[in-house]
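Asks: Coordinates for the following, if possible.
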Amino acid sequence: MILTITMNPSVDISYSLNPFKIDDVNRVESVSKTAGGKGLNVARVISQMNEEVKATGIMGGTVGSYISKTLKAENIKQDFLMIKKESRNCIAILHEENQTEILESGPTLEKSEGDLFLKKLSDLLNHVSIVTISGSLPKGLSPKYYQKLISLCEKKKVPVLLDTSGRTLKETISNSSKPLLIKPNETELGDLINKKISNSTDVLKKALSHEIFNEIEYVIVSLGADGAFAKYKESFYRITIPKIKVMNPVGSGDATMAGLAIGLKQKKSIEETLKLGMTTGMLNTMEKKTGFIDKRNFDNYYSKVHVEKVN
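Replies: Next up is the predicted model:
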């Protein structure tokens, strides 16, 4: 089973308004509400690929209850640490071909709540073969908190795929306990090594050879419509994807993480794992709803993803 961790889940609310009137009343006819958070998108896509998955993390209040109810309706197994504090709402206003987002920060956690989740995770790890950690940490927890999760997973011999950014990412990969895989985009990669990054092969090879990535087996760099570039052990790969009609790019990185987790769980080759991740990522962009794919299109687009070793 794959376990997905979302430490700061949300209810994602989408309002479609045309026009969006400032300092006036806006009446909304089209409203979409989903259980949100990067790790929940990962869990959703894994489930849609017919792989066994369980979602965990910390949530609470009426918002947390709504998230739990939504996941249950989608037949996604869950085991969250429930707290009294209210989880967050994240609002997207779609207007005049623009998207304006209003994001709550979520609850501020106590150290004791972080410790309780570590205990819960320790039990959950006895029944899973791979873990994904996605998204930001809630307020109150140290940027080094993901280090604790990864150290615990290492003790239980469960590999971790990590998708976060900023100080949290840098703090986490600087620890002695390493994730098996990280998935920065170009900007995040540049921030990690304090250099501007282009998507040329030589620049990317040099960037991924930086000592900060030592002992991280897989580093996958998202390049948007240009596909991805990957380092696996000492080898480098460029992944190209076909042109597609993009309906909604939000969550495509999470869908990619889902595909990578499936590939690694199934012990597929590096080429197959990369193709699987890129395919699920593409399929997400072709759907209006975030964190959704149409598996019926999988084989067609999988065959159009090309992985080239560039050593």
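Asks: residues of stretch 160-177 that come out buried?
Replies: By neighbour count on 16 or more other C-beta atoms under 10 Å, the buried set for stretch 160-177 is 160-165, 168-173, 177. To be clear about C-beta, it is placed using only N, CA and C from the backbone, and glycine gets the same treatment.
Asks: Between those residues, which sits nearest P138?
Replies: T168 (11.3 Å; C-beta to C-beta).
Asks: okay, and for the stretch 151-300 of the chain, where does confidence drop off?
Replies: Scanning the stretch 151-300 of the chain for pLDDT under 70 picks out nothing.
Asks: can you pull out the strands in it?
Replies: 160-163, 181-182, 218-222, 228-232, 235-240 (DSSP state E, counting those that start in this stretch).
Asks: Output the buried residues of stretch 160-177 as a markdown table; include the columns distance to P249.
Replies: As requested, these are exported to a markdown table (distance: C-beta to C-beta, whole Å):
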| residue | distance to P249 |
| --- | --- |
| V160 | 26 |
| L161 | 21 |
| L162 | 21 |
| D163 | 16 |
| T164 | 19 |
| S165 | 17 |
| T168 | 23 |
| L169 | 21 |
| K170 | 25 |
| E171 | 28 |
| T172 | 25 |
| I173 | 26 |
| S177 | 32 |
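Asks: Need the max-distance pair from these.
Replies: S165 and S177 (19.2 Å).
Asks: What helices and strands are in contact with the one helix or strand K69 maps to?
Replies: Per DSSP states H and E: K69 is located in helix 61-73. Judged by 3 or more C-beta pairs under 8 Å, 6 or more residues apart in numbering; DSSP states H and E, helix 61-73 is in contact with strand 10-16, strand 30-36, helix 38-48, strand 53-60, strand 77-78.
Asks: Most tightly packed of those?
Replies: Of all these, helix 38-48 has the most neighbours on average by mean count of other C-beta atoms under 10 Å, namely a mean of 28.
Asks: hang on, the earlier thing: can I get the strands of the stretch 151-300 of the chain in TSV including distance to K265?
Replies: Output for the strands of the stretch 151-300 of the chain, formatted as TSV (distance: least, C-beta to C-beta, whole Å):
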stretch	distance to K265
strand 160-163	10
strand 181-182	12
strand 218-222	13
strand 228-232	16
strand 235-240	20
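Asks: closest to L40 out of the ones you listed?
Replies: Nearest of the strands of the stretch 151-300 of the chain (C-beta to C-beta): strand 160-163, 12.7 Å.
Asks: what lines up beside the closest one in the sheet?
Replies: The pairing partners recorded for strand 160-163 under DSSP bridges are strand 130-134 (parallel), strand 181-182 (parallel).
Asks: ok now that strand, how far from the chain's centre?
Replies: 8 Å (C-alpha atoms, centre = their mean, to the nearest Å).
Asks: for stretch 98-113, same thing?
Replies: On the basis of C-alpha atoms, centre = their mean, stretch 98-113 sits 16 Å off its chain's mean C-alpha point.
Asks: Can you point out the buried residues in it?
Replies: Neighbour counts over stretch 98-113 (16+ other C-beta under 10 Å) mark 106-107, 109, 113 as buried.
Asks: Give me the contact list for it.
Replies: Applying C-beta atoms under 8 Å, 6 or more residues apart in numbering, the contact partners of stretch 98-113 are 8, 10, 20, 58, 60-61, 81, 83, 85-93, 138-141.
Asks: one step back: buried ones in the helix holding K69?
Replies: 61, 63-64, 66-68, 70-71.
Asks: Got the phi and psi for P107?
Replies: Note on P107: backbone dihedrals following degrees, to the nearest 10 are phi -70, psi 150.
Asks: Kindly apply the preceding question to E29 instead.
Replies: As for E29, its main-chain torsions (degrees, to the nearest 10) stand at phi -100, psi -30.
Asks: Just give the closest residue to it, not the sequence neighbours.
Replies: S16 (7.8 Å; C-beta to C-beta, 6 or more residues apart in numbering).
Asks: ok, the buried residues of stretch 160-177 vs A35, which is closest?
Replies: D163 (17.6 Å).
Asks: Now for that closest one: which residues touch it?
Replies: Neighbours of D163 in contact, by C-beta under 8 Å, 6+ apart: 38, 132-135, 182-183, 253-254, 257.
Asks: Hmm, M278 and T256 touching each other?
Replies: Yes. Using C-beta atoms under 8 Å, T256 is in contact with M278, at 6.5 Å.
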